[in-house]
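Participant: Quick one, fold the following:
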Amino acid sequence: MKRTNGSSLFDLIIMVAMLLVAAVVFDAWRPRTRTPCRRIWCRNNLNQLCKGMATYLNELGDNRFYPWPAGRPGCGTASEPSFGGAEWLASLYWTRIIPDPGVYICPSSPDGNEYGAALGSDGAPGGKPLPADVVSYAAFGHRSVGIYMLSKHGNAPGYAQSSIAVREDFPAGEPMACDDTQGPIHHGERDNGGMSVLFFDSHVEYWTHERVDPETGVGRGDLCALRN
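Facilitator: Down below sits the predicted model:
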C-alpha cells in the first residue's frame, strides 16, 4: 500500500525536527566534553615539562635540579640573573629537550607562541623577557627560590632572593609549575573553575576553586613562588 504525499511530508517534518533537537542537545553537550579533554591535554603538557626537567638534569644540568637560563638573551647574566617562570620553562625549548612549542601552551587558554617563533631559538627574542602569552604555565624564576624559602622558613637572612641555581632536589610534594598566574585561570568559570598543578615528583593535581581562587588566589599560598 503506497504512502500518500501527505504522510511522506509529515515524515520529513518529523525527521527535520529530530535533527534540530539533536543539534541543540549536541551543542549544549559539546562544551562539557571539551573541558575534560582540555584538562587532560594540559596535564599531559605539564607531565612532559617535568620529564624535560629530569632530562635536563641528566644531560645538561651540571648537578642543578632545573635549567638556569641566565646568560641567554632576555634572562640576565650569571651575576645578575633576571628571568621568570616563562623563561625557566622556555629553556627546555632553547636546549631542544622539548622542541614542540605546543607543549608550552594550555589548550584552554588564548595564548600562542607563533609555533615557537615567539619563544626564540636560544633565548627570548630581542633580548627582552618573554611576553605573558608565550608560555601558559607558571614556574620558578630567579627570585622564586628566595620567595619559596621565605614562605617556608620566614624572614631568614639571605632568602630575600636567590642568585644561584638550586643544587638539591625540592621536596616531592612541592609545586613545580601550574597554569597561568596572570589573570583568571583557564579551566572553567569563577564558581566552578580550577587549575592544574605540577609537583616535583612529576604528578599533576587538579585544584578546584575551593583550594585556589580562580580570580585572585593564583600565585599565592602554596603557589606563592610560581610566576609567569
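
Participant: from here on, contacts and neighbour counts on C-alpha atoms
Facilitator: Will do.

Participant: burial count for the nearest residue to residue 174 once chain neighbours are set aside?
Facilitator: Closest residue to residue 174 apart from its sequence neighbours, by C-alpha to C-alpha, 6 or more residues apart in numbering: residue 199 at 5.5 Å. Neighbour count of residue 199, defined by other C-alpha atoms under 10 Å: 20.

Participant: now residue 36
Facilitator: Residue 36: 12 neighbours (other C-alpha under 10 Å).

Participant: Just the mean pLDDT for the strand or helix carrying it, thanks.
Facilitator: Using DSSP states H and E, residue 36 sits in helix 5-59. In this model, helix 5-59 carries a mean pLDDT of 69.

Participant: I'd like to know which elements the helix or strand following that helix is packed against.
Facilitator: The helix or strand immediately downstream of helix 5-59 is helix 85-94, counting by DSSP H and E. Judged by 3 or more C-alpha pairs under 8 Å, 6 or more residues apart in numbering; DSSP states H and E, helix 85-94 is in contact with helix 5-59, strand 137-138.

Participant: okay, and for the chain, where does confidence drop off?
Facilitator: For the chain, the stretches flagged by pLDDT under 70 are 1-7, 10-13, 16-35, 61-65, 149-170, 181-192, 213-220.

Participant: cutoff 90 now
Facilitator: Applying pLDDT under 90 to the chain flags residues 1-43, 46, 50-71, 76-85, 105-118, 126-133, 136-228.
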